[in-house]
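# Prediction below, plus the sequence it came from.
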Amino acid sequence: MRNQYASELARHRPNELLIARENGYVGTAVRADMRTVDRSNVTRLWEFKIRASYEALGQILVYMAMARRAEEANGNAHLIRGVIAAFDFQPELIYAVERLNLSIELVTLPATLRSDVLHVSKATPIPMIPRRSGLFTPTDTASRQQETP
């Protein structure tokens, strides 16, 4: 999904350039899905989800913090914004981003990408376990009962 969107970035976001996919930060295991920059020198960190929830919000906030820390360490003062791109957004996520003014964009992914991501596969058949009479239920319970002393 991310790769497909990145390959069509000029069509979806004509004023942005792709800087990196899986953009990482030194000393951490944190990686934003994608990093772009626009003509105004605004850097955007992207998190892609099928359905964005609280988890996506937490991830993008961490990515933004790591990117800002890296920029400050390099003496840069670039504006950094987060982007959560998804087909669907949890309503509370939308409210939180708007209400708290988090500098995060919510981008609804085009439906054409959905078919690339959500492959409908054939159901995995459930194996049949053969039943054998008498295997699980004792047939002669009287002979198996023992008296306790």
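Okay, I see it.
# How much space separates the one residue sitting closest to the centre of the chain from residue 67?
Central residue of the chain (Cα atoms, centre = their mean): residue 49, 3.8 Å from the mean position. As judged by Cβ to Cβ, to the nearest Å, residue 49 and residue 67 stand 19 Å apart. Where you see a C-beta, it was placed from the backbone N, CA and C, and this is true even at glycine.
# Please apply the same query to residue 86.
When distance is defined by Cβ to Cβ, residue 86 is 20 Å away from residue 67.
# swap in residue 88?
For residue 88, the distance to residue 67 equals 26 Å [Cβ to Cβ].
# now swap in residue 111 and tell me
Separation of residue 111 from residue 67 (Cβ to Cβ): 30 Å.
# more crowded one of the two?
More crowded of residue 111 and residue 67, by other Cβ atoms under 10 Å: residue 67, with 22 against 8.
# Other residues contacting the one helix or strand that one maps to?
Assessed by DSSP states H and E, residue 67 sits inside helix 54-73. Helix 54-73 is contacted by residues 25-26, 28, 30, 32, 35, 43, 45, 47, 49, 77-78, 80-84, 86, 90, 92-93, 96-97, 102-104 when judged by Cβ atoms under 8 Å, 6 or more residues apart in numbering.
# That'll do, ta.
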